[in-house]
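**Q** heads up, no residue letters with this:
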């Protein structure tokens, strides 16, 4: 029998595991449920893909986006691993081929959306399969009062309860506070899971907060001085995406755009242009990014302050997935607070929540927004602020004020500070 080290080398081309990977894989193989928090780029996919090759039976992966499923299946195929996915956009032939592969042990992993678990036909089909492992990706979406709650994730536990034999369950997320981690275990019905946090710190990322008035001029100058780099510029609204895109395009910079107001064809074309470096920079709303496997993003700029630290760190974390030095720049202005408060107070009511739950969610959202504002205003280390928010206490052997030597509060560049004051 091949060891996990042999499979790591054979199928994934690595000679050793990253931090936390070996322990997670071992626990899954031993039949213990896990809740794993691993930052973007830490290799969480391998933690369930490798056990899938060693377990008898099928691994079912609950994934939030079709684009993410497609990327995972394509990547696995390149490594010689048979995998499939099911989506409503497939032809009858494609859907039938995926079902046949799962039913006849022709694939080791099957990717589905959480909504599919509510389908009676699929539930009957799943009951016929030998499902050894169920993976819940982006597991924080199961938390009703969370910032990314997706009601269909609540179908996961009833689905698990309806299977003829209980599989191992592994939940993964990139950002979750200790409270959210406990809620994930509760919502999925996990008993005594291994809760493993590999560390939120991304040492190759430089964090900067800029208090400037003329954001457009700053971004234009930044892109001119980073012409060879790939990057993402996040905006809070479609209107700002169009404005920033038009401004950069008018100045001869190679950029594309992405938001929900574009047609599906435009979004696909623009996404591909960015991924394949035809247009190295994309201006986008937060609808863009999840499941985008692009390793050479050298910078992520937030034109507007996000609503919470969770969203900010997940979006900023799309920089430097290859481990190379990259920058995460947040352009702050007091107006951003008003924009986010408006979004929170005018959000469409969730039909799955009663009035009391809706009121509680609004209070929590405003608390998360206040934490985001405090991040933008702190004079302390930005990295330390983020790590403490997620429940980590970074070592500070020298005592006194913590200094990461890699954020705009710990390393004050006088020339850069003077330039900021000019905007």
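**A** Yep, that arrived. Predicted, not measured: the structure shown is a model, and the values here were computed from it.

**Q** Could you give the number of residues near residue 21?
**A** Residues near residue 21, counting by other CB atoms under 10 Å, number 23. Heads up, the C-betas are built off the backbone N, CA and C, glycines and all.

**Q** pretty sure residue 301 is in a strand, no?
**A** Yes: remark: residue 301 belongs to a strand, assigned using DSSP: H, G, I helix; E, B strand; the rest coil.

**Q** let's number from 27 now, not from 1
**A** Yep, numbering from 27; the last one is residue 327 now.

**Q** What distance do you get for it to residue 309?
**A** Counting by CB to CB, to the nearest Å, the gap from residue 327 to residue 309 is 9 Å.

**Q** Spit out the residues that contact those two alike.
**A** Jointly contacting residue 327 and residue 309 under the rule CB atoms under 8 Å, 6 or more residues apart in numbering are residue 259.

**Q** remind me which residues of the stretch 277-426 of the chain are low pLDDT?
**A** Flagging of the stretch 277-426 of the chain using pLDDT under 70 yields the residue ranges 315-318, 378, 423-425.

**Q** Where do the strands of this structure begin and end?
**A** Secondary structure of the chain by DSSP state E: the strands cover 60-63, 84-88, 109-111, 135-138, 157-162, 194-199, 220-223, 231-237, 256-260, 281-284, 307-310, 323-328, 352-358.

**Q** Redo these as TSV? Include mean neighbour count.
**A** Listed next are these as TSV, based on neighbours: other CB atoms under 10 Å:
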stretch	mean neighbour count
strand 60-63	26
strand 84-88	25
strand 109-111	24
strand 135-138	24
strand 157-162	24
strand 194-199	25
strand 220-223	18
strand 231-237	21
strand 256-260	24
strand 281-284	24
strand 307-310	26
strand 323-328	23
strand 352-358	23
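
**Q** Would you tell me which of the ones you listed gets closest to residue 49?
**A** Between residue 49 and these, the tightest spacing by CB to CB is seen for strand 220-223, at 6.6 Å.

**Q** Parallel or antiparallel, which strands does that closest one pair with?
**A** strand 60-63 (parallel) (DSSP bridges).

**Q** Now render the strands of the chain as TSV, adding distance to residue 72.
**A** Formatted as TSV, the strands of the chain follow (distance: least, CB to CB, whole Å):
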stretch	distance to residue 72
strand 60-63	11
strand 84-88	13
strand 109-111	13
strand 135-138	12
strand 157-162	12
strand 194-199	11
strand 220-223	14
strand 231-237	21
strand 256-260	24
strand 281-284	28
strand 307-310	27
strand 323-328	20
strand 352-358	22
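
**Q** closest one to residue 173 among those?
**A** Ranking the strands of the chain by proximity to residue 173 (CB to CB) places strand 194-199 first, at 12.0 Å.
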